[in-house]
Each structure stands twice: as C-alpha cells, then as structure tokens.
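Participant: Sequence isn't available, so here's the structure alone:
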Ligand code: ADP
Ligand code: ZN
C-alpha cells in the first residue's frame, strides 16, 4: 500500500544477494540485485570487488528496507546450473570443521571458472591469415602455439605461450588469429547397468545384496567393505553403484590419484558399458570444463576421480565409494587441509546418501567406527577363484650374510631367479626414492645436508645430482668434502630404489625391468609403465609405494619387500598401522592372476609383533594391539588431535611466538596443548618450524576450543601459523 507517509525505500525494498567469493574470506558480501534479474541461492554470478570483478556464488538472497543504497550491484548471472543446497551446506560445514575461511573452500568448488559460461557460446582462436606487421617475441610464441592447430581459448592460449591475455587479443584484432566457435562438449553416455556384470560368487552376492539394500533406503549410512586383496571388492561396489544409478542418481568413485589407471577405467567402462567421467590433476582444461559442467548438469552419471572430485558441483549425488579408504593420499596437506574420506562421509550426512569405504587394510578409524556400531561392515574373506592369500615368509636379515653395498639376501635372489625362469613376474619393493638416502665423507664423517632444510641431500644417480626431498634444492655430488676438503671420500650410505636397480641389473641382466618411483615417472608415462606391468611386458618391477596402491598385476607371483622395517621408524602415531597397510597391500599384489603368489619380507626385526602377524596373515590380532595402544595414549580414533605448525625465518623469534601462542590457550577440560617442540621436519626452505599438538578427548568440541583460542592470534612479518585438524602426515 503506497502512501505519502512511507519513505520511498520502504516501498521498493532493495533485493540483496549475499555472494561468497572464492577468496580467503570468511563470509559472503552483500550486493544489490539489479531490476529484472532473478537470482536464487546457489546461482553463480559476477560481481565487482575493489577495482576487479570476480565470479562467486550466491549464498543467500534477501531484501533490505534500510537505506544501504550504496551497495554495488551484481554484474551478471552466469549461465551455469546452480550449486545445490547440499553442496552449499558441505562448503559451510567443511569450513567450520577445518576452521578454514568459507571462500577458500568455495575456491575448491570453483576450480574451473571457464565452465561457468554456456558451453554452446564458447569462442576460441585458430591461426589467422594475416601476418602481423610487428612480430614481437611474445606474439611469435602465441602464433607458434596456434600453428599446432588446436582451437584454444584466450586464457589457454595465453598460458600455453606464457604471455598475457592482451597479447592474444591484440593478435585477434589484427586478424593474425581468427575466432571460431568451439564445438560442443562431447556428450556423456548413459550407463548400461547390466553391460558387463560378472556372475558373483556366493560371498560377493551376499555382500552386494547388503550394499544394494543400503542404497535402496536412500538414507545416510556408511558401510565398510572389508575384504582381502583380490576378493573382488570392486565387483561388489560396482553393484552398489548400479543400484544408485538405477535410482537416477550420480555416483562418485574416489581413488587415490595414482590408482586412476587406464586398465581400471577400462574395467569401469566394461561394467557400465560407457566411459566414466574422470577427474584428476592432469586433465586438459577443456576436459575439466566438460566434466565440471556435466557434473553440474547431472549428465555425468559416473565420475571416477581423485580426492578433489568431491568438490565438483554435484547436481544429484547418490553414492560415494571410497576405494582404498586407508590411503593417506586422501589427506590434503597443502592449501585447505582436508581428508577426502572423512569429508565424503560428511557429505553423505548432508546429502542424505550412503557411502561405501572399501579396503583390504581398513584404517583404524573405520574399524573403530564399526566397533561402535556407527558403520556397517560387509566382509569378503577369500580371494575370488583362489582361496589362498600369498604365502608370506620372513627373511631374518640378522642371520643373512650380505656383502657391503648389497641389499638383497641370497634367499630373495634365488627366489626371484626362479620366478623369472618360470616366466613369471617379480616385484622388489623399497619405499625410498633416489640412489642413496645419505652421502657422507669417509675422512671426517661430514653429512651432506640441504642448506635450507633439516634434511639430508638424497643422491639421484640417474639425474647425477643430490636432491632435497623437502624443498627440491639440487646440487651436483661434490668431488671434495665441503667440510674437510678430502677428495674422493664422499660415499653413498644406504639404499634407494635406484641403487637397488643397480644391484638388480647386475644380478638379473636379462630381466625386462621397470622402475616405479614418483620422481622417475609421472602422469601419462607412469600410466604407460603401469599398463606395461599389467600386460606382462616387464618381468621384474622395482617400486616405491607407488606400487602398493590397488593395482591389479595378474602376472605377478613373487613380491620381495627389501626393507620392511623402514616405515616403523617414524614418530607418527599411525606408523604401525601404516606399515601394516603398506606391507600387506604390497604383498597382496602377488598371486592375483592364474598362479598363486608369495611374498618374502626382509626384516631385522623378525620378532616384532607386526612382522609375526604379517607372516601369519593375522591382521586382526595386530590391529587389536594397535587399537589398545591408541586407547591408552588417548590418540585417534580414541581421542582427537590438531597440529599447529608455526614457522618463520628466525628460529628464536619463531619459537617465542609459538610459545606465546601455546600460553594463550584458554584452559579447557579434556584438552591438552603440547609443545612447542621442533616439528618432525624442523626446517624447510630456510623456515624454522615448531609444532604444537592439541590433544582432546573425543567428546570435547575441539573446533570451538580452537576457534576461541586462535581467533586473535595474528602472526606478523615472516611468521606463519598453519592449523591441521585431524593431522595425518606428521611433517
Ligand atoms: P579387490 O578389489 O578386492 O582387490 P578385484 O575386484 O580387483 O579385487 O578382483 C580381483 C580379480 O578377480 C579381478 O581380476 C576381477 O576381475 C576378478 N573377479 C572378481 N570377482 C569375480 C567374479 N565374480 N567373476 C569373475 N572374476 C572376478
Ligand atoms: Zn631443502
């Protein structure tokens, strides 16, 4: 009702959008919604901020009867499907759980800004007919890239040529580049739910039925699929995926990045009669856009992806399967630290859908959740088609006679030789990159350390250099000792995978050898090597932990673990659990094909409970022991931890700040703040690091405590504070 007595702004309330931007901001900012524009929560928009414009997401819409007419207006609404309510809640919860600004979490969702534009309208550049009169070096680079013949968008072309976008646009204005419309994205095929299902064995049928039933309830529930290596867990969770797809939902299959291999994708393709969408770090930009868009529109029904796939803008997610759920690769430490398995469960709660966690060596966290009745468990006890697990034997290295500079025991050598002669494949596992972990001077005992990190320089002989594994610093191997000047006295100490390779070449000169180490093979090259191993092109494989991650190598019948004690030495509270998982998984690569497999484990600690359990194949007894140790110590999963790493250029200043932060902790029942102590890696890139460890009883609200404590802590100058809730990798 308009009347003279009502001020004008009350008659025409200002419509306001609260827009969250993908920046380190804790809250959404208010913008006016222009007349004629319809906006709802979840819409992607462009807004001005300072001198720039940003893409963001509408978190809320409302009205104002106030006089805040100074609000800047939303510039435009993007032509993309809105972010669902569940996904927005997910961002809010994740931000609250990890005490991370909401905008930083949204940034993980909005990784592909190009996908926010209507894909039908997209333009790209190809080489034009005109040669520019003035050919600068930058222009020449752009034209070189364009000459390769791919149509590329301004940003892609600029990035590929290493120049700014303006260079590209200028060439466009001169007709040296020609604008073309990009073809529409390839469509996502509709899965065929009965395309390639195996006839399941009876255990698998029981397991699959209970997962299908869980999916049918369309409620949140977590099931742990706990089955020995090779028991056919994949086939079983495929059934859960089929059930969710049949209900019209999207499904996400999370894998540790390294397990995203072509053979695995082919397996999904066979099962569902179509290529699944993939999400991992080396997708081409255009494919990223396609998948992001397909997930947002709901057309991408099956996504197989690495941890960040959780943040894709799901339209209608109905199931997440986390394969190899025990893997520490699900924990991200850089940027926003989060654990993808835990966040998949959280998303399941918010989105009201089930989550399947699959592993042959489940995490203690998940096993304890089963004990507490929070998770269901579905077990597969036997390998499919062959009841026996690889027989595992210990080699007591204290009793073996090894020459200096030799790492393989006579027994292991003999067995590898036998396997190779029989036409089988053997794997030697050593979880250490490089040639030698330490180089020292035989004259004075000096160790070569990184100048910037508290870490030894690791020799990489293939690349003829010493490398720091923390900061990447490299230098040549010195001829003379930098400390005493003695020449020719520097010696490598201990084995790395490259040194093992040297020994293996000497012992097995005719073997077709493959070396798998993250610094030697990455991306496509790594996937090719993995395929070669799977297809039997290689018969002797040397690998670091890259080989432990869920691969199916059907020709492999002998696994030799060169140094089983290595991972036990760490100060990480999960060292035992992790060593178990690593060794059991590596051993479990053996005997997955037609022939039975074996594993030989070289150890100097044959009496250690872990080694004894490994030889007996007795996981449960070992893990019960670990559970008790954690319980007594109040460590996860029986208590909670948060790590705070404080770093800075000056050691004293950093320590003092860390101590002040510790002293500022408010007193709280059931919470202990330990430290500061030097972090496990006490210096990285010249920055000194101290760590505080917060130990809380399980029922304590850790986030509330941390929030209240840290809200006024402001590191200045070179100082930095990094919070890690539920730390996994103690760095
Ligand atoms: P896991 O994931 O438990 O290690 P996989 O699902 O990879 O085990 O299965 C191991 C091997 O057994 C694979 O080659 C798989 O194709 C095969 N397999 C599993 N179940 C069946 C089945 N019911 N019929 C035929 N082959 C099967
Ligand atoms: Zn370094």
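Facilitator: Looks like it came in fine. No experiment lies behind these values; they were computed from the predicted model shown. Ligands and ions are numbered 1, 2, ... in the order given.
Participant: buried sites along stretch 686-700?
Facilitator: Residues 687-696, 700 are the ones in stretch 686-700 that count as buried (16 or more other CB atoms under 10 Å). C-beta coordinates here come from the backbone N, C-alpha and C atoms, glycine included.
Participant: Narrow those residues to those in strands?
Facilitator: Assigned to strands by DSSP state E, the following of these qualify: 687-696.
Participant: What is the burial count for the closest residue to ligand 2 within the stretch 251-400 of the chain?
Facilitator: Residue nearest to ligand 2 within the stretch 251-400 of the chain: residue 334 (16.4 Å; CB to the ion). Applying other CB atoms under 10 Å, we find 6 other residues in the vicinity of residue 334.
Participant: Now for the residue of the stretch 501-650 of the chain at minimum distance from ligand 1: which residues touch it?
Facilitator: Across the stretch 501-650 of the chain, no residue is closer to ligand 1 than residue 552, which sits at 5.1 Å (CB to the nearest ligand atom). By CB atoms under 8 Å, 6 or more residues apart in numbering, residue 552 lies in contact with 263-264, 534, 592.
Participant: do residue 102 as well
Facilitator: For residue 102, the contact set (CB under 8 Å, 6+ apart) comprises 20, 25-28, 91-92, 95.
Participant: quick one: the closest residue to ligand 1 within the stretch 351-500 of the chain from residue 593, how far?
Facilitator: Evaluated by CB to the nearest ligand atom, the stretch 351-500 of the chain has residue 384 as its residue closest to ligand 1, separated by 3.8 Å. Computed as CB to CB, to the nearest Å, the residue 384 to residue 593 distance reads 11 Å.
Participant: again, but for residue 30
Facilitator: Distance of residue 30 to residue 593, computed by CB to CB: 62 Å.
Participant: Repeat that for residue 706.
Facilitator: For residue 706, the distance to residue 593 - CB to CB - is 50 Å.
Participant: same thing with residue 628?
Facilitator: Distance from residue 628 to residue 593, by CB to CB: 38 Å.
Participant: Also residue 228?
Facilitator: Remark: distance between residue 228 and residue 593 (CB to CB) = 16 Å.
Participant: what does residue 602 give?
Facilitator: Distance from residue 602 to residue 593, by CB to CB: 24 Å.
Participant: my guess is residue 139 meets residue 132, correct?
Facilitator: Yes: in this structure, residue 139 is within contact of residue 132 by CB atoms under 8 Å, at 6.0 Å.
Participant: So these two - more neighbours on which side?
Facilitator: It is residue 139, of residue 139 and residue 132, that has more neighbours when counted by other CB under 10 Å, with 20 against 17.
Participant: OK, contacts around the more buried one?
Facilitator: Contacts of residue 139 (CB under 8 Å, 6+ apart): 132, 167, 170-171, 176.
Participant: who wins for most neighbours among those residues?
Facilitator: residue 171 (25 neighbours).
Participant: Please report how far that one lies from residue 117.
Facilitator: Distance from residue 171 to residue 117, counting by CB to CB: 22 Å.
Participant: and what of residue 158?
Facilitator: 17 Å.
Participant: more crowded one of those two?
Facilitator: Shown here are residue 158 and residue 117; by other CB under 10 Å, residue 158 has more neighbours (22 against 18).
Participant: Give me the pLDDT value at the more buried one.
Facilitator: The model reports residue 158 with a pLDDT of 88.
Participant: Is it located within a strand, as I assumed?
Facilitator: No: Residue 158: not assigned to a strand; according to DSSP: H, G, I helix; E, B strand; the rest coil it is helix.
Participant: residue contacts, it?
Facilitator: By CB under 8 Å, 6+ apart, the contact set of residue 158 is 142, 164-165, 167-168.
Participant: residue boundaries of the helices in the stretch 251-400 of the chain?
Facilitator: Under the criterion DSSP state H, counting those that start in this stretch, the stretch 251-400 of the chain carries helices at the ranges 262-272, 285-297, 340-351, 364-371.
Participant: residues from this structure in reach of ligand 2?
Facilitator: Within the chain, the positions lying close to ligand 2 (CB under 5 Å from the ion) are 450, 452-453, 468, 470-471, 473.
Participant: residue ranges with poor pLDDT in this protein?
Facilitator: For the chain, the stretches with pLDDT under 70 are 1-12, 66-69, 121, 387.
Participant: what about the residue of the stretch 351-500 of the chain closest to ligand 1, how many residues close to it?
Facilitator: If you count neighbours by other CB under 10 Å, residue 384 ends up with 19.
Participant: Quick check: it touching residue 234?
Facilitator: No: in this structure, residue 384 is not within contact of residue 234 by CB under 8 Å, at 10.1 Å.
Participant: Buried among the contacts of residue 102? Need that as a selection in PyMOL.
Facilitator: Here is the PyMOL command that selects the buried residues among the contacts of residue 102 (16+ other CB under 10 Å):
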select buried, resi 20+25+28+91+92+95
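Participant: Let's see which of the contacts of residue 102 end up in helices.
Facilitator: Residues from the contacts of residue 102 lying in helices, with DSSP state H as the criterion: 91-92, 95.
Participant: Save the residues you listed as a markdown table, and put in distance to residue 622 too.
Facilitator: Converted to a markdown table, the ones in helices among the contacts of residue 102 look like this (distance: CB to CB, whole Å):
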| residue | distance to residue 622 |
| --- | --- |
| 91 | 39 |
| 92 | 40 |
| 95 | 37 |
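Participant: Of these, which is the nearest to ligand 1?
Facilitator: Distance to ligand 1, by CB to the nearest ligand atom, is smallest for residue 91 among those, at 32.0 Å.
Participant: quick one: that closest one from residue 102, how far?
Facilitator: Distance from residue 91 to residue 102, counting by CB to CB: 6 Å.
Participant: list residues touching both of those two?
Facilitator: Common neighbours of residue 91 and residue 102, using CB under 8 Å, 6+ apart, are residue 20.
Participant: Which positions in the stretch 251-400 of the chain make contact with ligand 1?
Facilitator: Contact residues, the stretch 251-400 of the chain versus ligand 1 (CB under 6 Å from any ligand atom): residue 384.
Participant: cool, the chain as well?
Facilitator: So the chain meets ligand 1 at 198-201, 204, 227, 229-235, 384, 552, 592 (CB under 6 Å from any ligand atom).
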